[in-house]
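Visitor: Structure for the following, please:
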Amino acid sequence: VLLNLGLQDQVTSQAGTLAAWSQLKNAKIKALLADPWAGHNGPRGGQGLGSSWWAALSGGKVEDVLQITKTAWDGLPVIVAAKQ
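Guide: As a prediction, this is how the structure comes out:
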């Protein structure tokens, strides 16, 4: 699961997104990309990160997804949690 969060979003509640994040207890891998200046269109780099995730997931290797996600996107850190 990849969640992109714009902290200036006037449409979707940031609290709701973070609540959803905390409830993803069975996700094999989850990541949160938050941009303090982004609105509803999402964080800078969010589309690129999403595309990279899809490409890695098509290979079926969680390790590839983790490697992609460990890097910062447009200077924004990504929070990652993975089940072993």
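Visitor: Sheet partners, orientation included, of the lengthiest strand in the chain?
Guide: Longest strand in the chain, counting residues (DSSP state E): strand 29-35. If you go by DSSP bridges, strand 29-35 pairs up with strand 2-6 (parallel), strand 78-82 (antiparallel).
Visitor: Mind telling me which of these the model trusts least?
Guide: Within these, the stretch with the lowest mean pLDDT is strand 78-82, showing a mean of 72.
Visitor: Scan the protein for its longest helix.
Guide: As assigned by DSSP state H, the longest helix anywhere in the chain is helix 46-58.
Visitor: List the contacts of that one.
Guide: Residues outside helix 46-58 that contact it (Cβ atoms under 8 Å, 6 or more residues apart in numbering): 2, 4, 31, 33, 35, 38, 64-65, 67-69, 73, 78. Just so you know, the C-beta spots here come from the backbone N, C-alpha and C atoms, and that holds for glycine as well.
Visitor: Next, the angle strand 78-82 makes with it.
Guide: Interaxial angle, helix 46-58 versus strand 78-82 (axes from the mean of the first three to the mean of the last three Cα atoms, to 10 degrees): 20 degrees.
Visitor: buried sites along helix 46-58?
Guide: Applying a neighbour-count criterion of 16 or more other Cβ atoms under 10 Å, one finds Gly46, Leu49, Ser52, Trp53, Ala56 buried in helix 46-58.
Visitor: What subset of the contacts of helix 46-58 is buried?
Guide: Among those, those scoring as buried are Leu2, Asn4, Ala31, Leu33, Asp35, Ala38, Asp64, Val65, Ile68, Thr69, Trp73, Val78 (criterion: 16+ other Cβ under 10 Å).
Visitor: Make CSV from these and add distance to Ser13 to it.
Guide: CSV is the format used below for the buried ones among the contacts of helix 46-58 (distance: Cβ to Cβ, whole Å):
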residue, distance to Ser13
Leu2, 18
Asn4, 14
Ala31, 20
Leu33, 17
Asp35, 16
Ala38, 15
Asp64, 32
Val65, 27
Ile68, 28
Thr69, 24
Trp73, 23
Val78, 21
